[in-house]
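**Q** just to be clear, the model below is a prediction. Sequence and coordinates:
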Amino acid sequence: MSETIALLNSRERWIATGSLLLGMVSFTTAIMVTNVVLPQLMTSLRADLDQIQWVLTAPSIAQTVVMPMVGWLNSLWGNRNLFLFSLVLFTLSSILSGLSWDLASLVVFQSLGGIGVGLMQPLISAMLYQIFPPSQRGLAMGLSLMGWSIGPALGPIAGGYMIEWFNWRAALYFSVPISLAGVLCALFFLPAMPRPPRKAVDHIGLLTMTIGLVTLLMALAQGRREGWDSTYIVTLLVIAAVFCTVFIIWEWVYTSPLIDLRLFRYVPFTLACIVVFFSTNAFGRVPIFP
């Protein structure tokens with residue numbers, strides 16, 4: 001880590017930081033734009049409220065499932081390559097979403113973007129932490145939060161104007177120039193970071209986490225429509241409870257877990273996770289209807 005910092009002068013450090021923040025601004029802006037265009041999507045794609053929610057729910061599921069895999073993928077590809085892959089995938093998703101011909105295709109393309117966001121979200125913070133020396137890591141985290149705040153501020157305004165002047169397809173394209181600029185900057189200016197030691201894949205942890213989270217999110221997303229006491233929703237909740245319990249037990253005893261749950265023994269880390277949870281719910285994929 002110290003070797004990477006030594007190779008970067010002040011100018012190179014800020015250019016690398018700008019490349020990462022462009023990626024962050026692009027996906028936070030796209031999330032908020034998607035929220036704004038939901039009513040137009042319902043009209044154009046002939047979808048009701050329960051159907052259109054999958055434009056938000058499916059990417060959230062994909063984002064949640066891939067996020068814990070960042071550490072393992074980073075050990076295989078390296079930070080720079082993984083960031084470029086995730087940003088290119090997100091850019092491709094934005095382009096394809098604007099070309100969607102029905103609701104199903106839009107949900108699939110948005111889910112691809114969710115995978116890209118799920119990889120980028122923890123990766124950007126980790127890379128900023130490496131780029132800046134220890135004395136400036138508070139500044140790095142502040143810049144990360146600034147990138148998070150630009151999207152919620154810019155997205156609703158931009159999405160509203162794009163709908164008024166053009167249509168929902170143009171609104172979904174809005175983040176493409178930003179993400180393309182991020183790809184080019186990262187390609188030419190983002191340095192390679194030291195890779196963490198490669199570790200074995202926790203297949204059981206990945207499987208149990210995926211099943212538990214997917215069934216839980218499906219139950220929460222469809223509970224209002226199906227009825228919270230319906231057999232379908234109760235079954236999903238039971239499956240989620242069983243697999244999440246198995247996941248927690250397995251991660252606690254396995255020597256190389258997918259997620260090291262022992263970190264939650266540290267109060268500052270736990271409190272930080274709680275703060276991120278509430279901030280993500282406040283500024284994340286929350287439907288906005290006029």
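**A** Cool, got the structure.

**Q** thought residue 115 was touching residue 85, still the case?
**A** No - when contacts are counted by Cβ atoms under 8 Å, residue 85 is not listed as touching residue 115 (9.9 Å). Where you see a C-beta, it was placed from the backbone N, CA and C, and this is true even at glycine.

**Q** and those two? which has more neighbours close in?
**A** It is residue 115, of residue 85 and residue 115, that has more neighbours when counted by other Cβ atoms under 10 Å, with 21 against 16.

**Q** could you dump stretch 29-43 to CSV, C-alpha only?
**A** Only the C-alpha atoms of stretch 29-43 are listed here, as CSV (Å, rounded to 0.1, in the frame of the first residue of the first chain):
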residue,chain,number,x,y,z
THR,A,29,-27.3,9.8,-10.7
ALA,A,30,-28.7,6.9,-12.7
ILE,A,31,-30.4,5.5,-9.6
MET,A,32,-32.2,8.7,-8.9
VAL,A,33,-33.1,9.3,-12.6
THR,A,34,-34.7,5.8,-12.7
ASN,A,35,-36.8,6.7,-9.7
VAL,A,36,-38.1,9.8,-11.5
VAL,A,37,-39.1,8.0,-14.7
LEU,A,38,-41.1,5.3,-13.1
PRO,A,39,-44.5,6.9,-13.9
GLN,A,40,-43.6,7.3,-17.5
LEU,A,41,-42.3,3.7,-17.7
MET,A,42,-45.6,2.5,-16.3
THR,A,43,-47.4,4.3,-19.2
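
**Q** and it, which residues are buried?
**A** Of all the residues in stretch 29-43, those buried under the rule 16 or more other Cβ atoms under 10 Å are 29-39, 41-42.

**Q** now it: mean pLDDT?
**A** For stretch 29-43, mean pLDDT is 82.

**Q** list the contacts of it.
**A** Stretch 29-43 is contacted by residues 47-49, 52, 55-56, 90, 94, 103, 106, 110, 113, 117, 150-152, 154-156, 158-160, 162-163, 167-168, 171-172, 174-175, 178, 284-290 when judged by Cβ atoms under 8 Å, 6 or more residues apart in numbering.

**Q** same check on stretch 78-90?
**A** Contacts with stretch 78-90, where a contact means Cβ under 8 Å, 6+ apart, come from 20, 23, 26-27, 30, 70, 73-74, 77, 112-113, 115-117, 119-120, 123-124, 126-127, 130, 179, 182-183, 186-187, 190-193, 195.

**Q** among the residues you listed, which are in helices?
**A** For the contacts of stretch 78-90, the ones inside helices are 20, 23, 26-27, 30, 70, 73-74, 77, 112-113, 115-117, 119-120, 123-124, 126-127, 130, 179, 182-183, 186-187, with DSSP state H as the criterion.

**Q** if we can go back for a sec, which among the contacts of stretch 78-90 count as buried?
**A** When burial is judged by neighbour count using 16+ other Cβ under 10 Å, the buried members of the contacts of stretch 78-90 are 20, 23, 26-27, 30, 70, 73-74, 112-113, 115-117, 119-120, 123-124, 126-127, 130, 179, 182-183, 186, 190-191, 193.

**Q** who touches the residue nearest to residue 95 when sequence neighbours are not counted in this structure?
**A** Distance criterion Cβ to Cβ, 6 or more residues apart in numbering; nearest residue to residue 95, sequence neighbours excluded, is residue 176 at 6.0 Å. Under the criterion of Cβ under 8 Å, 6+ apart, the contact partners of residue 176 comprise 91, 94, 95, 98.

**Q** the second one: what's it in contact with?
**A** This means residue 94. Contacts here follow Cβ under 8 Å, 6+ apart; on that basis residue 94 touches 30, 113, 172, 173, 175, 176, 179.

**Q** check which helix or strand it maps to.
**A** Taking DSSP states H and E as the definition, one finds residue 94 inside helix 79-98.

**Q** now that helix against helix 70-77, angle please.
**A** An angle of 110 degrees separates the directions of helix 79-98 and helix 70-77 when computed by axes from the mean of the first three to the mean of the last three Cα atoms, to 10 degrees.
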